[in-house]
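>>> A structural model of the following input is requested.
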Amino acid sequence: MNDKLKKSQLARLGRIEGQVRGIARMIEEERYCIDVLTQVRAVRAALNKVEQETLGDHLEHCVAHAFHAGSEKDRRAKIEEILEVLDSRRS
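Residues are numbered from 1 along each chain as shown. Below is the predicted model:
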């Protein structure tokens, strides 16, 4: 992962961590359910962004390297990894 993306991802994850703590406080304070759900959706969207950017970086670097310099076994392994990740996103 390049340094710019790494810093961006760590900052985003820090914000997500704060959001999750905020949701816990909201629940402790018995805040309105729809407000809690709205924040949960925001966290989910932020995590999806982290996932999307990490997958993109993986494709650009790890997978590209396997296809340019790797063996057939390496290429097949990368394809299987991606298929498994994409399949698990549907759940």
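>>> Run a quick neighbour tally on the closest residue in space to Ile82 that isn't next to it in sequence.
Nearest non-adjacent residue to Ile82, counting by Cβ to Cβ, 6 or more residues apart in numbering: Val63, 7.0 Å away. Any C-beta I mention is one placed from the backbone N, CA and C, and that applies to glycine too. Burial measure for Val63: 19 neighbouring residues, criterion other Cβ atoms under 10 Å.
>>> was I right about Val63 contacting Lys78?
Yes: assessed by Cβ atoms under 8 Å, Val63 is found in contact with Lys78 at 4.7 Å.
>>> what separates the residue nearest to Ile82 from Glu30, distance-wise?
47 Å (Cβ to Cβ, to the nearest Å).
>>> Quick one: the helices in the protein, in order.
Ranges of helices in the chain, per DSSP state H, are 3-28, 33-58, 64-69, 72-89.
>>> in the shortest one, what's buried?
Of the residues in helix 64-69, those with enough neighbours to count as buried (16 or more other Cβ atoms under 10 Å) are Ala66.
>>> again, but for the first one
Of the residues in helix 3-28, those buried under the neighbour-count criterion (16+ other Cβ under 10 Å) are Gln9, Ile16, Gln19, Ile23, Met26.
>>> Out of these, flag the one nearest to Glu72.
Gln9 (31.5 Å; Cβ to Cβ).
>>> That closest one contacts Glu53, doesn't it?
Yes: in this structure, Gln9 is within contact of Glu53 by Cβ under 8 Å, at 6.6 Å.
>>> With adjacent residues omitted, what lies nearest to His58?
Using Cβ to Cβ, 6+ apart, the closest residue to His58 is Ile82 (7.9 Å).
>>> Tell me the confidence at the residue nearest the centre of the chain?
Centrality entry for the chain: nearest residue to the mean C-alpha point is Glu51, 2.1 Å, by Cα atoms, centre = their mean. Note on Glu51: pLDDT of 93.
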